[in-house]
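Peer 1: quick check, what structure comes out for this input:
(4 chains)
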4 protein chains.
Amino acid sequence: MSKLAWGLIGGGEDSQIGRAHRTAAGLDGAFVLAAGALDIDPARARAFALALGAARDRAYGDWREMLESESKRSDRLDLVTVATPNQTHFEITKALLEAGFDVLCEKPMTTTLAEAEEIVAIAQKNRRLCAVNYGYSGYPLVRQMRAMVAGGDLGRVRLVVAEFAHGFHADADDADNPRVRWRYDPAQAGVSSVLADAGSHALHMACFVTGQAVTRLSADFASCIEGRALEDDAQIAFRMSEGAVGRLWTSAVAVGRMHGLTLQVFGEKGGLSWAQEQPNQLRWTPLNEATRILERGGSGLAPAAQRASRLVVGHAEGMFGAFGNIYADLAEVIRARKDDRNPDPDCLHFPSAAEGLHSIAAIHAAAASAKAGGAWTDVSA
Amino acid sequence: MSKLAWGLIGGGEDSQIGRAHRTAAGLDGAFVLAAGALDIDPARARAFALALGAARDRAYGDWREMLESESKRSDRLDLVTVATPNQTHFEITKALLEAGFDVLCEKPMTTTLAEAEEIVAIAQKNRRLCAVNYGYSGYPLVRQMRAMVAGGDLGRVRLVVAEFAHGFHADADDADNPRVRWRYDPAQAGVSSVLADAGSHALHMACFVTGQAVTRLSADFASCIEGRALEDDAQIAFRMSEGAVGRLWTSAVAVGRMHGLTLQVFGEKGGLSWAQEQPNQLRWTPLNEATRILERGGSGLAPAAQRASRLVVGHAEGMFGAFGNIYADLAEVIRARKDDRNPDPDCLHFPSAAEGLHSIAAIHAAAASAKAGGAWTDVSA
Amino acid sequence: MSKLAWGLIGGGEDSQIGRAHRTAAGLDGAFVLAAGALDIDPARARAFALALGAARDRAYGDWREMLESESKRSDRLDLVTVATPNQTHFEITKALLEAGFDVLCEKPMTTTLAEAEEIVAIAQKNRRLCAVNYGYSGYPLVRQMRAMVAGGDLGRVRLVVAEFAHGFHADADDADNPRVRWRYDPAQAGVSSVLADAGSHALHMACFVTGQAVTRLSADFASCIEGRALEDDAQIAFRMSEGAVGRLWTSAVAVGRMHGLTLQVFGEKGGLSWAQEQPNQLRWTPLNEATRILERGGSGLAPAAQRASRLVVGHAEGMFGAFGNIYADLAEVIRARKDDRNPDPDCLHFPSAAEGLHSIAAIHAAAASAKAGGAWTDVSA
Amino acid sequence: MSKLAWGLIGGGEDSQIGRAHRTAAGLDGAFVLAAGALDIDPARARAFALALGAARDRAYGDWREMLESESKRSDRLDLVTVATPNQTHFEITKALLEAGFDVLCEKPMTTTLAEAEEIVAIAQKNRRLCAVNYGYSGYPLVRQMRAMVAGGDLGRVRLVVAEFAHGFHADADDADNPRVRWRYDPAQAGVSSVLADAGSHALHMACFVTGQAVTRLSADFASCIEGRALEDDAQIAFRMSEGAVGRLWTSAVAVGRMHGLTLQVFGEKGGLSWAQEQPNQLRWTPLNEATRILERGGSGLAPAAQRASRLVVGHAEGMFGAFGNIYADLAEVIRARKDDRNPDPDCLHFPSAAEGLHSIAAIHAAAASAKAGGAWTDVSA
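Peer 2: This next block holds a predicted model:
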């Protein structure tokens, strides 16, 4: 099975997210970095792409150069990942889709709702894959939750409780640190800070697991550190398309919380609870029975969860595996198309552009609701 | 040190809360049950009081009988606990206070806000103690949190996150069970179900630990089981008197959650996290440092926490100890008054009628906000 | 139901264990302190007994005085607890049993094996109750484990793993503290320190839960702090009467461990795991199935576990409840004898003198094995 | 930085350990699979090597063929991993070392002690790297423990407690499963089963973290399932080269335990506790202070731990990262030799052949001690 040709835009040498994408794309050996425009500095970009093994003529100094050159090649890139700063996602993703590339875009997919709608439309029109990296949805036990809900184990879902709390923007003395400050500058971050950044993962997971969309919401935004123009803490009450009630809390000032992404789902027939910091266990409580601890890799899990596991039960898997599952799904879909066959249905779990759009719509609705004193606000997409 | 004379109204033989009060009152040997009107059935009431060791002439069939008789005695009751059904709290507590008794009332102190205000006024006028049993505030490490906030360890408190989630009303087939059904009947339960019942403990704890009152809030109530006239799940955003932001979630349909009362407090200088189900540990994260696990009974705790501990570090203490601390505080205050001295300041942590009033005000404000689509609503008391 | 008359020897004002016994004996209101010889200092002993409510003529200055006086009374004590220093247990317990009293003795029951055998013989001959306070066996979920083993849920028990690790004797600078030092002085502590003190609880629990006795063992004793004549860390391999394999580790130098008493039991059909620091949950893994979390007070528990619970599921219970269950059992047996009926079989779980003897035999065998370089050594009783 | 050429022997398509090695070797992009003899079946071996990207002339059917061919090439393999069945490790590793290759061998390095000594001697004589894959020692927080001990944070280490308990050989009905049975056949597994398999990881970790060797030990082996010629449960008491006391328990019949590899280290100044199933947190208790939770990736960790981390704090890392750190260390050492410079000292943490030898010596000593009734036995290497 020859490797798929992968291109990466952004994600330079010091980039945490770049490393995560490279590791995830290579985890199963499905993708090989064939081309890259990895840095805003052209020289550094080319040097790093070469260091990562790209051929000399595919180590680009700039994404436009890469697009132009790659568009003409016969040995086309099978997938391009966009891991540049947020405000550039739209332009690059749009250009790639229009040129006929399949794309995995970092979240947020775009800055505005109109742009997100445009991306969805272009991808559909051009019949291109456009995935958005809500990477935590790649965790095997998150997929297990989704499978259990879809399979009816919980009955009707009544309630979803999602959280993403961390404390890394809690130091007032560090608030001017450029790596923190831009997140609270509307010019750079848009209408929302912590909800758009951390909270959107929680929101996506609520939708991903329940298979429901957020239809309307009431939000409260707070800036706990003086001088911040955007929220560093948010709470949202919401309702979903098949009637589920939702609660979401996200914070960047929760000192002592690290990467506190958690999801609880409660239905007629039982409840589920999962936490990103201990991703290899899932708590499942059938109604009126004792709580079970489901282990990643354990017997009895759904095929989609089994497939997303790389190690036998008891070992620890982590974020690289989760992100790797997004790439594994995309690899299968791309290969299936090449082979003119249907993809394995257990691989259709990567987050789509439609999901990216929905997240952006929900974030904008939340910002509007917060401004309107918590008024219930419809989510338009 | 002679024992204090204690009277109990309600809390009959099958009553869980009655057993808790008797155990808590007797835990340190400070109180002895001297009189009781323990059951709605006069014969059962007298028989049970006798069985518990009350003298024949103080084993009453009815609280009015008890009040009349006890009011005339020279060997007066030092404290009377009211553990009757909720809708009777006001009438009985009021009568006891007017007759000059010190009272510990189960929560909710009253059904309406006007009644709660009346209780506060009567207690003040008559210079009587009126405590309300937000019993979880008696846990040693809850008092430790309070002491740390008061002592400035957290700096300014920015954010409080309180939860009380359980799943014991999640079984739709059990919804007609009389022990469940009355809680969703506005005629019996008033304006709120799960918030007034479970959630009010979380709300009280947020106030108790921060020393701040809730000033305004935005609420969402949901009835996850069809046919319920009151909420079985609620979420509240709030603001507090010294600027803290608040988040609260409470649920009765969270299958798998048992007695999920938790509190997180985040300030400028650090964060705290405590859970009722593991009450003997408290997590404390100083800003930019590693999380510490503070142990109940461990060295270095605040005097109020040390005093509230009965066992050396490492042993498990539980709810009886917490409730017992409310009684221990009251015993000290009552004794100090008898001895004409100031009470130990580390015993002034029992929840007061003013706190009972504040809880009721907040619950009513939340019900009003939820009805008004989440509109921010002032808490009147 | 009139209260049972209880006497206490030892357990004076500053005594942690005295407080625990008083609280446990009074927890359900079954016992009332009728007589006491509570302190080595006669004046303090009498004063404290009076303060606790004993009648003037039953507040004794000395246990011999108490024995002589109480033996003549017609309103006899129903139970006497011995909570004096270890080396006096034998003499006092023996005298009480010979005078016809029922006794609850703190562990260790005696210092030597011969004494322990004598106690068992006297109790049998005089048909007196002689219980030994392996108090952690009173925890509801420890009784649940016992019931599950007895009921065959685990099939044949293959393996028991018991631990009691703490770090409170780890400070070399504190080694001369009298409260620590005596434990490492053979003249006061006998043949073993940490095994006899902490480890014996783990050993007892292994026997209590499996219903098997230790038949032979191989031990390693270590003194991690220089100058200690007795072990502050021990490990034992053992075999049990119905073939179970046993492992035990106990330590007093395990910095960071608090009250690390844990038990794991593994059988043909499943495994159990319990920890004293989180006593309200029990992990149960049926073979080839997911681990379940059994909650104290939850539905489906064995009658002996239900009976030992005082609060509904989700609340925290602790050590007072556990010790209280020993007293509750004894109360039921004493009452049954008074009533000339059979006691509730779910109350026959208090640790007996025979169990106290077995523990002492095992400790002595372990000390002998350790001295003999780990040679496998039979446990004589 | 050009990639290092990597060869793999064993680890075919269905092999869990093969996947782990391929993923780990590729995790940072340092190694590329250049040659392989991946399966006992030559055709499958060649096909799979091709599928993994090896050149046609380096996709071998057999390790001897590979050795012969690769020995002649000018573009030599930088590292060869041996992941074949245990009894072949010696022969293959020896041959590779003699041919001048650097080797990473799966554990156990050899079957007999004499063989292990030979490997160490050959590696030394030929100045070749020979590493042994005690892969859990690659976890960042295991390296943190090692650094803290080496840096004196614990003072003198008094006590090490190591465990590796699982329950995957507990099903008597599954005992004839070939994947289980061979482990209890002395002809295939040698003198020990669960100790050599799981327990040796715990033993290695105890040595790795303390920097001490096991000097003598007393062991108890048990076969909990009838008919097993080798132990499925073992306990070992040991002493270490600088005086530390050791305790080890390992089991294959501990139903409910998954991959229960844990290490506790207790010294004069504090204690450490780590568990493989939650590898991203480490508990550190300075003497007389509160326990701290150190997070992987958190600030303040030792350089060796920081270097072994690939993601920011709060994310989950797992086994691939740990194994990847062994490869990262080897890559650095290999590159340094190529560059004729000293390797980064924070990369000298891969387990060496000497450590592989020590493990085998300890296992053989334990088997001998167990046979001799727990007699204390010297560890020869």
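Peer 1: could you report the neighbour count for the closest residue to residue A:378 other than its chain neighbours?
Peer 2: Distances taken as Cβ to Cβ, 6 or more residues apart in numbering or on different chains place residue A:216 nearest to residue A:378, at 4.9 Å, with adjacent residues excluded. (Each C-beta comes from the backbone N, C-alpha and C, glycine too.) Neighbourhood size, residue A:216 [other Cβ atoms under 10 Å in any protein chain shown]: 15.
Peer 1: strand partners of whichever helix or strand residue A:216 is part of, parallel vs antiparallel please.
Peer 2: Residue A:216 is part of strand A:214-222 when elements are defined by DSSP states H and E. Strand A:214-222 pairs in its sheet with strand A:233-240 (antiparallel), strand A:377-378 (antiparallel), by DSSP bridges.
Peer 1: is the helix or strand following the longest one anywhere near chain B?
Peer 2: Pointing back at strand A:233-240 there. Counting by DSSP H and E, the next helix or strand C-terminal to strand A:233-240 is strand A:245-251. Yes. Using Cβ under 8 Å from any Cβ of the partner chain, strand A:245-251 reaches chain B at A:245, A:247, A:249, A:251.
Peer 1: isn't the last one up against residue A:195?
Peer 2: In other words, residue A:251. No. The pair residue A:251 and residue A:195 fails to qualify as a contact (Cβ atoms under 8 Å) at a distance of 9.9 Å.
Peer 1: where do the contact lists of the two overlap?
Peer 2: Common neighbours of residue A:251 and residue A:195 are listed as residue A:234 (criterion: Cβ atoms under 8 Å, 6 or more residues apart in numbering or on different chains).
Peer 1: pLDDT below threshold where in chain A?
Peer 2: A:1 (pLDDT under 70).
Peer 1: mind listing the helices for it?
Peer 2: A:16-26, A:42-51, A:63-72, A:89-98, A:113-126, A:140-150, A:178-181, A:186-189, A:194, A:200-210, A:303-307, A:319-338, A:353-371 (DSSP state H).
Peer 1: grab the nearest non-local neighbour of residue A:93.
Peer 2: Closest to residue A:93 by Cβ to Cβ, 6+ apart is residue A:105, at 4.8 Å.
Peer 1: ok, residue A:220 next?
Peer 2: Leaving aside its chain neighbours, residue A:220 sits nearest to residue B:237 (3.6 Å; criterion: Cβ to Cβ, 6+ apart).
Peer 1: if we can go back for a sec, wait, what's in contact with the residue nearest to residue A:378?
Peer 2: With contact taken as Cβ under 8 Å, 6+ apart, residue A:216 is in contact with A:238-239, A:365, A:376-379.
Peer 1: for the spatially closest residue to residue A:360 that is not a sequence neighbour, give its distance to residue A:357.
Peer 2: Among residues not flanking residue A:360 along the chain, residue A:116 sits closest, at 4.6 Å (Cβ to Cβ, 6+ apart). Going from residue A:116 to residue A:357 by Cβ to Cβ, to the nearest Å gives 4 Å.
Peer 1: between these two, which is the more surrounded one?
Peer 2: Remark: of residue A:116 and residue A:357, residue A:116 carries more neighbours, 27 against 24, as counted by other Cβ under 10 Å.
Peer 1: chain C versus the residue most central in space within chain A, what's the distance?
Peer 2: The centroid of chain A falls nearest to residue A:134 when counting by Cα atoms, centre = their mean (1.0 Å). Applying Cβ to the nearest Cβ, to the nearest Å, the value for residue A:134 to chain C is 27 Å.
Peer 1: touching, that residue and residue A:207? I think so.
Peer 2: No. Counting by Cβ under 8 Å, residue A:207 is not a contact partner of residue A:134; they are 9.3 Å apart.
Peer 1: closest one to residue D:298 among the strands paired with strand A:214-222?
Peer 2: Closest to residue D:298 of those, according to Cβ to Cβ: strand A:233-240, at 22.4 Å.
Peer 1: who's in contact with the residue of the stretch 51-200 of chain A found nearest chain B?
Peer 2: Residue nearest to chain B within the stretch 51-200 of chain A: residue A:158 (4.0 Å; Cβ to the nearest Cβ). Applying Cβ under 8 Å, 6+ apart, we find residue A:158 in contact with A:243-245, A:266-268, B:224-225, B:233, B:253.
Peer 1: switch the cut-off to 7 Å
Peer 2: Counting by Cβ atoms under 7 Å, 6 or more residues apart in numbering or on different chains, residue A:158 touches A:244-245, A:266-268, B:224, B:253.
Peer 1: picking that back up, which neighbours do residue A:116 and residue A:357 have in common?
Peer 2: Residues touching both residue A:116 and residue A:357 by Cβ under 7 Å, 6+ apart: residue A:109.
Peer 1: wait, what's in contact with residue A:370?
Peer 2: Residue A:370 makes contact with A:219-221, according to Cβ under 7 Å, 6+ apart.
Peer 1: which one of these sits closest to chain C?
Peer 2: Chain C lies nearest to residue A:220 out of the contacts of residue A:370, by Cβ to the nearest Cβ, at 29.1 Å.
Peer 1: quick one, what contacts the closest one?
Peer 2: Per Cβ under 7 Å, 6+ apart, neighbours of residue A:220: A:234-235, A:370, A:374, B:218, B:237.
Peer 1: how about the residues of chain A near chain D?
Peer 2: With the criterion set to Cβ under 7 Å from any Cβ of the partner chain, chain A comes near chain D through A:1, A:3, A:16, A:19, A:23, A:26-27, A:29, A:51-53, A:166, A:258-259, A:276-279, A:295, A:310-321.
Peer 1: at 8 Å instead, please
Peer 2: Looking at chain D, the residues of chain A close enough under Cβ under 8 Å from any Cβ are A:1, A:3, A:16, A:19-20, A:22-23, A:26-29, A:51-53, A:166, A:258-260, A:276-280, A:295, A:310-321.
Peer 1: filter those down to the buried ones.
Peer 2: A:3, A:19-20, A:22-23, A:26-29, A:52-53, A:166, A:258-260, A:276-280, A:295, A:310-321 (16 or more other Cβ atoms under 10 Å in any protein chain shown).
Peer 1: from residue B:268, how far off is residue A:173?
Peer 2: In terms of Cβ to Cβ, residue A:173 sits 10 Å off from residue B:268.
Peer 1: what about the residue nearest to residue A:378, distance to residue B:373?
Peer 2: Residue A:216 is 10 Å from residue B:373, by Cβ to Cβ.
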